[in-house]
Structure formats: structure tokens, C-alpha cells
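> Sequence first, predicted coordinates after that:
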Amino acid sequence: MYQLINFTVRGDYQGNLVPIEAEKDIPFKIKRVYYIWGTDYNAVRGHHAHRKLEQVIIPIAGNCDFILDDGKKRETVHLYSPNQGLYLKHNIWREFTHFSKDCVVMVLASEHYDEGDYIRDYEQFKKEVAK
Ligand code: TYD
């Protein structure tokens, strides 16, 4: 349903650094980057799947939970490490919640923003993955 990608931490006694190189550290060409912060602990974002889009999701600060659903089962992944990315392929329903106050989530995406790629209705998602 998902993979975790471990990034190599560079840096020294003064602090940490993670370099991410397109097409080397990420399994697709990055076309878009966005980030999410300032989300309430109890807010639940997402509630969608993508028909084509692939993403790597990195909690560059703080932590949060990703609830993932492939149409057959549900799993919660706790994201907390700035050197670990959650790699999601298409057709995975996701909801994300339990954001720590300092949480900043950076998303690397394989496509430009396209509302037509979203499945925002859970019953429609179930229909599409059953095909
Ligand atoms: P949405 O994907 O619904 O956010 P979330 O799943 O995190 O709750 O996007 C929120 C709004 O931002 C929506 O109006 C679409 C817009 N948006 C863009 O314009 N470009 C983007 O790359 C993304 C991800 C969202």
C-alpha cells in the first residue's frame, strides 16, 4: 500500500541536512512541491485519492498520522522523521490528522495540480479500485 524511503542524513556536529535529488532519491520526476503547516491536531485533511499522481510525503518538522486505504484495508502510518518519506502511488485513499503544533509536511508530487486527478468521494474510490 505504501513504502517508506529513508534519506541519508548529511551534516555534522552543527546540525543535520538531508539532500533530495530528483530522479535519484525519489522514484519519479518531481513536477510540484507543496507544504502544509498550522493544522489543528484534531483536523482531518485529505479525504481523497489520486487517479495517477504519485507523492513522497516528508514531515520536515513535527509529526502527524496518515490513514491509508487501498479499498481493501486501512492502515495508519505515524510520520515523525525528517529523514523518512512516505511514498504513495495512485489509488490510495488518504486522510491525515493528529498534527503536532510544529508540524510541517512537505509533499513532492509527480504531476502538476489537476483537480480532475482527485477522487473525493469514498464510494466512487471503492468503485474505481474494484475495476
Ligand atoms: P486539497 O488537496 O484539498 O488539500 P488537503 O487534501 O491537504 O486538505 O487542497 C486544498 C486547496 O488547495 C484546494 O483549493 C486546491 C488547492 N491546491 C492547489 O491549488 N495546488 C496544489 O498543488 C494543491 C495540493 C492544492
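Yep, that arrived. Remember, it's a predicted structure, so these values are computed and weren't measured experimentally.

> Skipping its backbone neighbours, what lies nearest the residue nearest the centre of the chain in space?
Centroid-nearest residue in the chain: residue 57, 3.2 Å away (criterion: CA atoms, centre = their mean). Spatial nearest neighbour of residue 57, excluding adjacent residues (CB to CB, 6 or more residues apart in numbering): residue 86 at 4.4 Å. For the C-beta atoms, the positions are set from N, CA and C on the backbone; glycine is no exception.

> what number of residues lie near that neighbour?
Here the number of neighbours of residue 86 (other CB atoms under 10 Å) works out to 21.

> bridging residues for it?
When assigned by DSSP bridges, residue 86 has beta-bridge partners residue 4, residue 57.

> Equivalent analysis for residue 79, please.
residue 64.

> Now for it: which residues touch it?
Contacts for residue 79 (CB atoms under 8 Å, 6 or more residues apart in numbering) come out as 57, 58, 59, 63, 64, 65, 66, 86, 105.

> Kindly report the same for residue 99.
Counting by CB under 8 Å, 6+ apart, residue 99 touches 39, 40, 41, 43, 62, 63, 64, 105.

> how does it look with 6 Å?
Applying CB atoms under 6 Å, 6 or more residues apart in numbering, we find residue 99 in contact with 39, 41, 64.

> Most neighbours among those, which one is it?
The most crowded member of the contacts of residue 99, judged by other CB under 10 Å, is residue 64 (23 neighbours).
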